[in-house]
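1. I would like to see how this sequence folds:
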Amino acid sequence: MERSPRPLPLGPEPAGSYRDRLGIVAGSLPGRSLCDVTPGKSGEAGFLESLAVNNWLRKVTKVQLAPPGAAVRRALMVLAAALPIVVLAAFLGGMPGTVWAVLGLVTGATSRAFLDTARSAALALAIAGLVAAATSVAGTAVPVGLIVAGAALLGGLADRWSAGSATLAPVTAAIAGTGSLSGPPGLSWWEAASWILAGAAYGIAALALLRTRPRPRQVEARRAAAHAAMLAALCGAAAGLAVAFGLPHGYWIVLSLASTLRPVVRESPRRAVQRITGTLLGVLIPIPLVYFLPSAALIPIAALSTLALVSYLFAGEYTREAVFMTVTLVIVTSGGVKASAIAVGEIRLAWTILGALVAGAAATALWRLERDWPD
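-> Residues are numbered from 1 along each chain as shown. Sure thing, here's the model as predicted:
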């Protein structure tokens, strides 16, 4: 009769144990996987498989759904520092000024999180110029498409400094070019550029004063160039078609493309699927909230969603960040109106699905291209 393997101790293992003598890393068996574990084994093989299962369970039970406390504290400081510029923009520029100031704030803070102050300021100036150009030609398909493509190229070239330092560049240009903030009480090209530049400057200064150390994630030159070319072609075409056919909220296609094809050090279909899933969930979650809850209850929900968005951004949890980014945008843009929220959610869900299909195919193409490159 075979002896069953001895149970794995929960405390420190004694010297000379199987793991110590064989040099096995916790939770990892060379050449094996958890799928190879079969019951009924004994001796050293059974013990090693018990070790693998136990370490896997330890990892599973340690998974945190909430963002880390340090990320939440940093997010609270950034959001508290952002209140003055948001209030000023709302008082002087109305809703369009507030939107552009917030976009600038996010753009500046995001770039400063990865880059030094000088490069962040250079990106902010370039993005403000693109917004001014797109606003001046809003409603004309070809110029808008070219400007959005140029903004996507700028974001791709900035990946050489750090991945994700200019993700919103094509999105801001698409919002300006599709005329989403035009008309009464819309802003002129210089007003839109001024507010986004003011917000970016405030975001850069806030992170500098908080002594946030840049954490660059440089991307290889050929990988950054391939990503920039793909993103420019897709975003430029999407923005041009949205203007040509008068698609409502057409800039959301560009937003979906830019979010799904977010520049990473190494692309993979799995990462793209995670970002697509997050965006889809973010569209579906807020619709019942807006429909069943009163408008007053949506204000703290939007605030908490924004806090979660920034916290997950600091924590590097990009799938959950995509969920809360979309939740916040749908609630804010609906204005708390039930019919508007459902309509906005349905339209953006359609554009998200379309953008996800295109972006998924593009991410797979980029992955196959990078896979064949020599190391």
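2. which helix is the longest one in this protein?
-> Assignment by DSSP state H gives helix 69-114 as the longest helix of the chain.
3. counting by contacts, list what that one packs against.
-> When contacts are defined as 3 or more Cβ pairs under 8 Å, 6 or more residues apart in numbering; DSSP states H and E, helix 69-114 sits against helix 117-136, helix 169-177, helix 189-209, helix 295-315. Glycine gets a C-beta too; all of them are placed from N, C-alpha and C.
4. in the shortest one, what's buried?
-> Okay, so that is helix 169-177. Across helix 169-177, burial judged by 16 or more other Cβ atoms under 10 Å covers 169-177.
5. dump the helices and strands packed on helix 69-114 to TSV, plus mean pLDDT and distance to Gly240.
-> Listed next are the helices and strands packed on helix 69-114 as TSV, based on pLDDT from 0 to 100; distance: least, Cβ to Cβ, whole Å:
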stretch	mean pLDDT	distance to Gly240
helix 117-136	95	12
helix 169-177	91	9
helix 189-209	90	19
helix 295-315	79	29
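6. which pair of the buried residues of helix 169-177 spans the longest distance?
-> Ala169 and Gly177 (12.5 Å; Cβ to Cβ).
7. now do stretch 231-243, average pLDDT.
-> Averaging pLDDT along stretch 231-243 gives 95.
8. buried residues in that stretch?
-> Buried, per 16+ other Cβ under 10 Å, within stretch 231-243: 231-232, 234-240, 242-243.
9. for the chain, where's the lowest mean pLDDT among helices and strands?
-> helix 18-22 (a mean of 36; mean pLDDT, DSSP states H and E).
10. how about Ala173: what's its closest non-neighbour residue?
-> Nearest residue to Ala173, sequence neighbours excluded (Cβ to Cβ, 6 or more residues apart in numbering): Ala151, at 4.0 Å.
11. one step back: give me whichever of the helices and strands packed on helix 69-114 is most buried.
-> Among the helices and strands packed on helix 69-114, ranked by average contacts under mean count of other Cβ atoms under 10 Å, first place goes to helix 169-177 (a mean of 31).
12. tell me what angle that helix forms with helix 189-209.
-> Counting by axes from the mean of the first three to the mean of the last three Cα atoms, to 10 degrees, helix 169-177 lies at 150 degrees to helix 189-209.
13. mind listing residues that contact helix 169-177?
-> 103, 107, 123, 126-127, 130-131, 133-135, 137-138, 143-144, 147-152, 154-155, 158, 181, 192, 196, 231-232, 235, 238-239, 242-243, 250-251, 254-255, 257-258 (Cβ atoms under 8 Å, 6 or more residues apart in numbering).
14. distance of the residue lying closest to Met325 once chain neighbours are set aside relative to Pro294?
-> Nearest residue to Met325 in three dimensions, chain neighbours excluded: Leu309, at 5.1 Å (Cβ to Cβ, 6+ apart). Remark: distance between Leu309 and Pro294 (Cβ to Cβ, to the nearest Å) = 23 Å.
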